[in-house]
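Undergrad: Please work out how this folds:
(2 chains)
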Amino acid sequence: MDQALDDTPRRRLSLSDQLDCVPVYVVWELTLACNLKCIHCGSRAGHRRARELTTDECIDVIRQLAELGTREISIIGGEAFIRRDWLTIIRAISDHGIDCTMQSGAYKLSSSMLRSAADAGLLGLGVSIDGPEALHDRLRGVRGSYREALRVLDDCRQIGLTASVNTQITASVMPDLPQVMETIIAAGAKYWQVQLTVAMGNAVDHDDILLQPYDLATLMPLLAELHLKGRAHDLVLLPGNNIGYFGPHEVLWRGPDRGYYSGCPAGQNVIGLEADGTVKGCPSLATDRYGAGDVRSTSIAELWQSHPALQFNRARGTDDLWGFCRDCYYAEACRGGCTWTADSLLGRRGNNPYCHHRVLTLAERGIRERIVKVEDAPALPFATGRFALIEEPLPREPTPEARCT
Amino acid sequence: MIASGHAKAAPVLVLCRQCVRYVFEGARTCPHCHGDALEISERYRDGGYLVIETMQRIDRLREGSES
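TA: The predicted structure follows:
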């Protein structure tokens, strides 16, 4: 069979989850404090926020989410374990019957800390690896961070904690992805989630690391090849929300047994929480455009039910679509793909040039798209700049004669 | 659990049984390969997609009757 074995997480959405807008999956920035200095960090993490939630407030958030039907909370940062009460929070999540996972740079996450987290109820750890050692350390801004990440993956294996790896796909890492995968297989990780680096925060400052949309013509066949190779080694390559959409390889990672891409789930089945209690439809969305208020002044249920900043995906309309996406065959299903990617890049959701189907369709017309930065992002968390989308003729492949000369 | 809200369901997509790319349910001609999207090809059957499609139809019917 072409299809992989089932690895259904509890966050898999049912039809009733979609219809009833159950916030099945919550990504929670516990603190903005971080011990890495990633040059692609969208939230510009480093220092903690001015008014981060107290332990009691965090526990009340968990209670509210449990009442809303949340099934998985993934704690992130900054670096979540920098908070002194991170184990208390993990235990509270687990005690409320919610799966708790954590995404981490893993720098200075000791073996004993990891064991304590597992004892508190942590079910899985996602560790970031963004390239081979030199590239990873450059992107993460701290020498030694790569070796720490690998050490933590090894600790997970010894403890018996499910480990996954998250990789930001930058222009720099693309040729090294096969090597990264070999490292991940050797480290014993079970899942590899890949995601395109998005034009937000520090990544706007370092826009040379961003892929060009036309790079997807090279990237997607490579990911397909790696996906098949990974299966043979019990590694499941999972696409992030901004890997897509509906190209010829889509069936590999979003095959019929896994559920096809049905549009961005932000605000419909996903909640993002900032450390100061700001509620968004996705943790990565720009706060100024998508912040829906905070948990100190309003209950999550009330915000979830009524705030416009959380409602925009629920009616599944196509009025927000523009550019290529507006007239796309998949418009009603895809609705422009990842809101975060499109909105951060072009200042408005609904037109996403990072799409394989789009790249191939334009190539048939002899066209490709590239992005050019026209405005920097302010020095704030989740700040966006502004990029222009340029359409240009597709460069011609050199003829065999030209290659010889 | 308390009620959260209400949304529309995503449209149903199925695989073209020729080129194994997604098409809207009911599509006869595939916009990608221009073949008959309903005609079962060897690739579709031998790749295990036909079995999965059948199981999915059953799941959808069951979910529909429960909701």
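Undergrad: A:Met174 reaches A:Asp215, doesn't it?
TA: Yes - with contact defined as CB atoms under 8 Å, A:Met174 and A:Asp215 form a contacting pair (6.8 Å). (C-beta placed from N, C-alpha, C; glycine too.)
Undergrad: Name the residue in the two with the higher neighbour count.
TA: The residue with more neighbours, out of A:Met174 and A:Asp215, is A:Asp215; 18 against 15, by other CB atoms under 10 Å in any protein chain shown.
Undergrad: For that one, which residues are in contact?
TA: By CB atoms under 8 Å, 6 or more residues apart in numbering or on different chains, the contact set of A:Asp215 is A:Ala171, A:Met174.
Undergrad: Tell me the secondary structure of it, please.
TA: Recorded secondary structure, A:Asp215: helix (DSSP: H, G, I helix; E, B strand; the rest coil).
Undergrad: Look up how far chain B lies from it.
TA: Using CB to the nearest CB, to the nearest Å, one gets 21 Å for the distance from A:Asp215 to chain B.
Undergrad: any weak-confidence spans in chain B?
TA: Along chain B, the parts satisfying pLDDT under 70 run over B:1-4, B:66-67.
Undergrad: Tell me which residue is most central in it.
TA: Geometric centre of chain B, nearest residue: B:Val14, 2.7 Å, by CA atoms, centre = their mean.
Undergrad: thinking again about what came up before, show me whatever sits in contact with both of A:Met174 and A:Asp215.
TA: By CB under 8 Å, 6+ apart, no residue touches both A:Met174 and A:Asp215.
Undergrad: Get me the contact residues on chain B for chain A.
TA: Applying CB under 8 Å from any CB of the partner chain, one finds that chain B approaches chain A through B:1-11, B:13-15, B:19-22, B:24, B:31-32, B:47-49, B:52-53, B:55-56, B:60, B:63-64, B:66-67.
Undergrad: Filter these down to the ones in helices?
TA: B:Tyr49, B:Ile52, B:Glu53, B:Met55, B:Gln56, B:Arg60, B:Glu63, B:Gly64, B:Glu66 (DSSP state H).
Undergrad: and those residues, which are buried?
TA: Listed as buried from those are B:Tyr49, B:Ile52, B:Glu53; burial here means 16 or more other CB atoms under 10 Å in any protein chain shown.
Undergrad: tell me the contacts of the last one?
TA: Going back to what we said before, that points to B:Glu53. A:Pro256, B:Val14, B:Leu15.
Undergrad: one more time with 7 Å, if that's ok
TA: B:Glu53 sits next to A:Pro256, B:Val14 when contact means CB atoms under 7 Å, 6 or more residues apart in numbering or on different chains.
Undergrad: Tell me how many other residues surround A:Ala117.
TA: By other CB under 10 Å, neighbour count at A:Ala117 equals 25.
Undergrad: which residue sits closest to it, ignoring its sequence neighbours?
TA: A:Ile90 (5.9 Å; CB to CB, 6 or more residues apart in numbering or on different chains).
Undergrad: For the one you found, what are phi and psi?
TA: Dihedral pair for A:Ile90: phi -60, psi -40, per degrees, to the nearest 10.
Undergrad: Count residues in the vicinity of it, would you?
TA: A:Ile90: 26 neighbours (other CB under 10 Å).
Undergrad: quick one: contacts of stretch A:231-239?
TA: For stretch A:231-239, contacts defined as CB under 7 Å, 6+ apart pick out A:4, A:7, A:184-185, A:189-194, A:223, A:226-227, A:230, A:253-254.
Undergrad: List the contacts of A:Asp386.
TA: Heads up, residue A:386 is Arg, not Asp. So A:Arg386 contacts A:Gly347, A:Val374, A:Glu375 (CB under 7 Å, 6+ apart).
Undergrad: residues contacting the last one?
TA: This means A:Glu375. A:Glu375 neighbours (CB under 7 Å, 6+ apart): A:Gly385, A:Arg386.
Undergrad: What separates the first and last residues of stretch A:117-124, distance-wise?
TA: For stretch A:117-124, the first-to-last residue distance is 10 Å (CA to CA, to the nearest Å).
Undergrad: buried ones in that stretch?
TA: A:Ala117, A:Ala118, A:Ala120, A:Gly121, A:Leu122, A:Leu123, A:Gly124.
Undergrad: just stretch A:328-339 next, same as before
TA: So stretch A:328-339, judged by 16+ other CB under 10 Å, has buried residues A:Cys328, A:Tyr329, A:Tyr330, A:Ala331, A:Glu332, A:Ala333, A:Cys334, A:Arg335, A:Gly336, A:Gly337, A:Cys338, A:Thr339.
Undergrad: How about stretch A:222-238?
TA: A:Leu223, A:Ala224, A:Leu226, A:His227, A:Gly230, A:Arg231, A:Leu235, A:Val236, A:Leu237, A:Leu238.
Undergrad: Report the beta-bridge partner residues of the nearest residue to the fourth one once chain neighbours are set aside.
TA: The shortest distance from A:His227 to any non-neighbouring residue, by CB to CB, 6+ apart, is to A:Leu237 (4.4 Å). With DSSP bridges applied, A:Leu237 shows beta-bridge pairing to A:Trp192.
Undergrad: and the gap between A:Leu237 and B:Gly35?
TA: In this view, A:Leu237 and B:Gly35 are 28 Å apart by CB to CB, to the nearest Å.
Undergrad: same deal with A:Leu394?
TA: Following CB to CB, the distance that separates A:Leu394 from B:Gly35 is 26 Å.
Undergrad: Ok, A:Gly347 next?
TA: Distance from A:Gly347 to B:Gly35, by CB to CB: 40 Å.
Undergrad: what does A:Tyr260 give?
TA: 19 Å.
Undergrad: And A:Leu36, by the same measure?
TA: According to CB to CB, A:Leu36 and B:Gly35 sit 50 Å apart.
Undergrad: Settle it for me: which of these two has more neighbours?
TA: The neighbour count for A:Leu36 versus B:Gly35, taken as other CB under 10 Å, is higher for A:Leu36 (24 against 14).
Undergrad: what's that one in contact with, if anything?
TA: Contacts of A:Leu36 (CB under 7 Å, 6+ apart): A:Gly105, A:Tyr107, A:Arg140, A:Gly141, A:Val142, A:Ser145.
Undergrad: again, but for A:Arg296
TA: Contacts of A:Arg296 by CB under 7 Å, 6+ apart are A:Gly277.
Undergrad: ok but it is inside a helix, no?
TA: No - assessed with three-state DSSP, A:Arg296 is coil; it does not lie in a helix.
Undergrad: Alright, I will stop here.
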